[in-house]
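>>> quick one, fold the following:
(one chain, ligands or ions: 1)
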Amino acid sequence: MHRLACLLPLLVACSSPSAPAGLAEIANGHLQVVDLSYPLNESNPYWPGENYSSFRFETIATLESDGVYSGVFSMPEHLGTHLDAPNHFEADQPAVDEISLQDLIAPMVVVDVRDACQGNADYRLRTADLQSWEAQHGRIPEGAVVFALTGWGQYWDEYNRYKNEDAEGQLHFPGFSDEAAAFLVTERSIKGIGIDSLSVDFGPSRTFSVHHIVNGAGGYNIENVANLEEVPPSGAWLIAAPVKIEKGSGGPVRGWAVFESR
Ligand SMILES: [Zn+2]
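Modelled structure (predicted):
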């Protein structure tokens, strides 16, 4: 059917190439698009664990000297806006290159917990927050990716403030609660969760239980998400494009939030 519809005009005059309606609407600017990724640079926050390091970039050719501009970069998989593959915390789960492309497109649910995080850096998004989102916007769609909008992104440009380490070496920033993560994977069959802070587990976590719950169910996490406050609470779609590292535990991700202009 589609084939015929395309071939017939070709014989006459093929004025414009056909594209799935939604994609054409993105490309021609009729749909709104928000960039969910921060630019990579050497001052990006990263997980302050052993063997982790900052983003590095070195220019290896310049237009002036070489007639071509080119660089080389290195970074941990879990730096900047990035995706945790299901194999990050659980064995026998897909690596980043094994996540299906269909699973990287999903309805976006944005749960605004900025007020709760204002006076409590260690706030964890609760099931009650999900229930009040559902009271307003309807049931969380199956296969959604659920984002916590904590407001922590305001500190993105100050690594020390962003990781918020106390004198005892404990980090403090908001995350998801275990019960909310468990509810989402068991009761709502989500594809993953995301957050505008350093980790989906709150700063003081030592067990990374939220990572285990989501990865254990075959889901992924997206961390250090940018511009979440520009995305409507419901109705947007996520397109996530992680770098395809063979057997990787994750990697930097370019993310689009796509929605109808209101
Ligand atoms: Zn990660």
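>>> surely Ile60 is within a strand?
Yes. Assessed with DSSP: H, G, I helix; E, B strand; the rest coil, Ile60 lies in a strand.
>>> how many other residues sit next to it?
11 (other CB atoms under 10 Å). Heads up, the C-betas are built off the backbone N, CA and C, glycines and all.
>>> could you check how far it is from the ion?
In this view, Ile60 and the ion are 28 Å apart by CB to the ion, to the nearest Å.
>>> surely Ala180 meets Ser132?
No. Applying CB atoms under 8 Å, one finds Ala180 not in contact with Ser132, separated by 12.0 Å.
>>> need the contact list for the closest residue to the ion within the stretch 51-200 of the chain.
For the stretch 51-200 of the chain and the ion, the shortest gap (CB to the ion) falls at His78, measuring 3.5 Å. Residues in contact with His78, defined by CB atoms under 8 Å, 6 or more residues apart in numbering, are Tyr46, Trp47, Tyr52, Asp84, His88, Glu223, Ser249, Gly250.
>>> returning to what we had before: which of Ala180 and Ser132 has more neighbours?
More crowded of Ala180 and Ser132, by other CB under 10 Å: Ala180, with 23 against 14.
>>> got the buried residues for the strand or helix carrying Gly255?
Per DSSP states H and E: Gly255 is located in strand 250-260. Under the neighbour-count criterion of 16 or more other CB atoms under 10 Å, strand 250-260 has Gly250, Gly251, Pro252, Val253, Gly255, Trp256, Ala257, Val258, Phe259 buried.
>>> now do stretch 107-126
Here stretch 107-126 shows 107-114, 116-117, 121-126 as buried, counting by 16+ other CB under 10 Å.
>>> can you narrow these down to the ones near the ion?
Applying CB under 5 Å from the ion, the subset of the buried residues of stretch 107-126 adjacent to the ion is empty.
>>> how long is stretch 164-171 from one end to the other?
Criterion CA to CA, to the nearest Å; first-to-last residue distance in stretch 164-171 is 5 Å.
>>> okay, buried residues for it please.
In stretch 164-171, counting by 16+ other CB under 10 Å, buried: Asn164, Leu171.
>>> cool, stretch 127-144 as well?
In stretch 127-144, residues buried by neighbour count (16+ other CB under 10 Å) are Thr127, Asp129, Leu130, Trp133, His137, Ile140, Pro141, Ala144.
>>> which among the residues you listed gets closest to Ser65?
Ala144 (50.0 Å; CB to CB).
>>> leaving out chain neighbours, which residue sits closest to that closest one?
Nearest non-adjacent residue to Ala144, counting by CB to CB, 6 or more residues apart in numbering: Pro107, 4.5 Å away.
>>> the one you found falls within a helix, correct?
No. Secondary structure of Pro107 (three-state DSSP): strand, not part of a helix.
>>> what pairs with it across the strands?
Trp237 (DSSP bridges).
>>> so who does it touch?
Listed by CB under 8 Å, 6+ apart, the contact set of Pro107 reads Pro141, Gly143, Ala144, Val145, Ala236, Trp237, Leu238.
>>> ok, Val200 next?
With CB under 8 Å, 6+ apart, Val200 has these contacts: Asp84, Ala148, Gly175, Phe176, Ala181, Ile193, Gly194, Val210, His211, Val214, Asn221, Glu223.
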